[in-house]
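> got a structure for you, letters missing:
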């Protein structure tokens, strides 16, 4: 699991630098970026922020070499590329830089040598960004033609994020609430308030948590917000965790505090059991439920996915018959009390229901942790659960499915092999 500390915000170049600092293969990265066939120079280095050594990542293009002569640097390079273009510089900009749209960006990515998973991640991030910019400007994502979506810098930052995530085998992240600056920032259309309108749209659509600060200037950029939205599976880590690897990416501005994005690869551990037993009683848990009889199956699947991504502990549907024999589904959501409003907002937004019931529930949770075991096809994750001196091993579905598809073996066969390997390697 990836864990991001966004106490100084997040931007595209900060995230890219943090992933490189985590150990992403730079040779693979540069080879994949070269296949994008974009005119830019990548600079990866080291810098210090309040005495902390951090990795820096910068994209240099002809546009920015002109641009830097006339403008101060903003919080991060990807904000410059997203917004800071003065009217007098327009004539110096590349035509594609001004008018590249989502379709053009997709073609560039799909024609590259990036892996299929990295391409999928990059396209997902760009889709989130384009939808937000489109909503801000009142047009469909496909019709967004301005530089916020098509800038060379944005393409490289987002593709770097996707390539590094693929290399590190990371697909989701727990993300702390993101520090948001205040004031205004200059863009192509004039001065706009912070957080930027596109950031607001992304945070609203994907449930990102923002924390207002007194910092003057932009600390969370549209590119950074889009990357966070594509990865975020919640902000709360239940119980302890072990840091397997850490990395630090630097922003470009200097503050009285360290302007860095810290990233950890963590292994979530067992919850602390203060009762002396091996099971924990959860309090503060609620169940939301509502009857739905006029939503498509696709909509039901979508809302379940969104609820889980935004922190629900469990989501499921129960077939039901309502008045006059109408077939329906009973949606049940188990979540923390603190997340009630967020869960209800999602249900009201994405379904046709007009009422939600809420019931307080108790839950007995067995201690569990995620461990990795070796297989002939690479490492696989296993959930290790204990109860009264016994240990149980449950391979993670995604890893079983990936190995089954790659090897051509049956799902059940791969599942049992991973479970047997776990019992042998992890048995105390």
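Okay, I see it. As the structure is a prediction and not an experimental result, all values here were calculated from the model.
> ok, for residue 382, nearest residue in space, not its chain neighbours?
residue 422 (4.4 Å; CB to CB, 6 or more residues apart in numbering). All C-beta atoms are positioned from the backbone trio N, CA, C, and that covers glycine.
> actually residue 198, sorry about that
Residue 198 sits nearest to residue 222 (CB to CB, 6+ apart), 4.0 Å away.
> Now do the SS call for residue 287.
strand (DSSP: H, G, I helix; E, B strand; the rest coil).
> residue contacts, residue 36?
Residues in contact with residue 36 (CB atoms under 8 Å, 6 or more residues apart in numbering) are 108, 109, 112, 155, 156, 159.
> Residue nearest the middle of the chain, spatially speaking?
residue 231 (1.8 Å; CA atoms, centre = their mean).
> Which pLDDT value goes with the residue nearest to residue 198?
Looking at residue 222, its pLDDT stands at 93.
> wouldn't it be in contact with residue 133 here?
Yes - with contact defined as CB atoms under 8 Å, residue 222 reaches residue 133; the gap is 7.2 Å.
> Tell me which of the two has more neighbours.
More crowded of residue 222 and residue 133, by other CB atoms under 10 Å: residue 222, with 30 against 24.
> just to revisit the earlier point, ok, of the contacts of residue 36, which come out buried?
Using 16 or more other CB atoms under 10 Å as the burial test, those include 108, 109, 112, 155, 156, 159 as buried.
> Quick check: buried residues in stretch 37-50?
Neighbour-count burial for stretch 37-50, counted by 16+ other CB under 10 Å, picks out 38, 40, 42, 44, 47, 49.
> out of the contacts of residue 36, which one sits closest to residue 254?
For these, the closest approach to residue 254 (CB to CB) belongs to residue 156, at 23.9 Å.
> Surely that closest one and residue 40 touch.
Yes - look at residue 156 against residue 40 with CB under 8 Å: they come within range, at 5.9 Å.
> shared neighbours, the two?
residue 59.
> Tell me where the stretch 101-250 of the chain is predicted with low confidence.
145-150, 188-189, 238-239 (pLDDT under 70).
> residue boundaries of the strands in it?
173-175, 178-182, 184-187, 190-193, 210-216, 241-250 (DSSP state E, counting those that start in this stretch).
> In the stretch 251-400 of the chain, where is pLDDT below threshold?
Checking the stretch 251-400 of the chain against pLDDT under 70 turns up 269-284.
> so where do the helices sit in it?
297-309, 340-350, 397-407 (DSSP state H, counting those that start in this stretch).
> before we move on, the earlier item: nearest residue to the residue nearest to the centre of the chain in space, ignoring adjacent ones along the chain?
Spatially, and ignoring its direct neighbours in sequence, residue 231 is nearest to residue 173 (4.2 Å; CB to CB, 6+ apart).
> do the same with residue 327
residue 321 (6.1 Å).
> is it true that that neighbour touches residue 328?
Yes - using CB under 8 Å, residue 321 is in contact with residue 328, at 7.0 Å.
> Quick check on the two: which one has the bigger neighbour count.
residue 328 (18 against 10).
> Now that one: closest residue in space that isn't a chain neighbour?
Distance criterion CB to CB, 6+ apart; nearest residue to residue 328, sequence neighbours excluded, is residue 293 at 3.6 Å.
> quick one, phi/psi of that neighbour?
The phi and psi torsions at residue 293 (degrees, to the nearest 10) take the values phi -130, psi 10.
> Check residue 219 too.
For residue 219, the backbone dihedrals (degrees, to the nearest 10) come out as phi -110, psi -20.
> Could you tell me how many residues sit around it?
32.
> tell me the contacts of residue 329?
By CB under 8 Å, 6+ apart, the neighbours of residue 329 are 291, 292, 293, 295, 300, 317, 318, 319, 320.
> Include distance to residue 411 and neighbour count when you put those into CSV, please.
What follows is the contacts of residue 329, written out as CSV (distance: CB to CB, whole Å; neighbours: other CB atoms under 10 Å):
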residue, distance to residue 411, neighbour count
291, 34, 17
292, 30, 19
293, 33, 14
295, 30, 18
300, 24, 16
317, 23, 16
318, 25, 11
319, 25, 8
320, 30, 14
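> Report the separation between residue 33 and residue 11.
18 Å (CB to CB, to the nearest Å).
> With residue 289 instead?
Residue 289 is 40 Å from residue 11, by CB to CB.
> excluding its backbone neighbours, what's nearest residue 40?
Using CB to CB, 6+ apart and skipping residues adjacent in sequence, the residue nearest residue 40 is residue 61, 4.8 Å away.
> Was I right to think the one you found contacts residue 155?
No - in this structure residue 61 lies outside contact range of residue 155 using CB under 8 Å: 10.6 Å.
> tell me which residues of stretch 161-176 are tucked away?
So, applying 16+ other CB under 10 Å, buried residues of stretch 161-176: 161-168, 170, 173-176.
> wait, which of those is closest to residue 54?
Taking CB to CB as the measure, residue 54 lies nearest residue 164 of the buried residues of stretch 161-176, at 15.6 Å.
> just checking, the closest one touches residue 23?
No - in this structure residue 164 lies outside contact range of residue 23 using CB under 8 Å: 9.1 Å.
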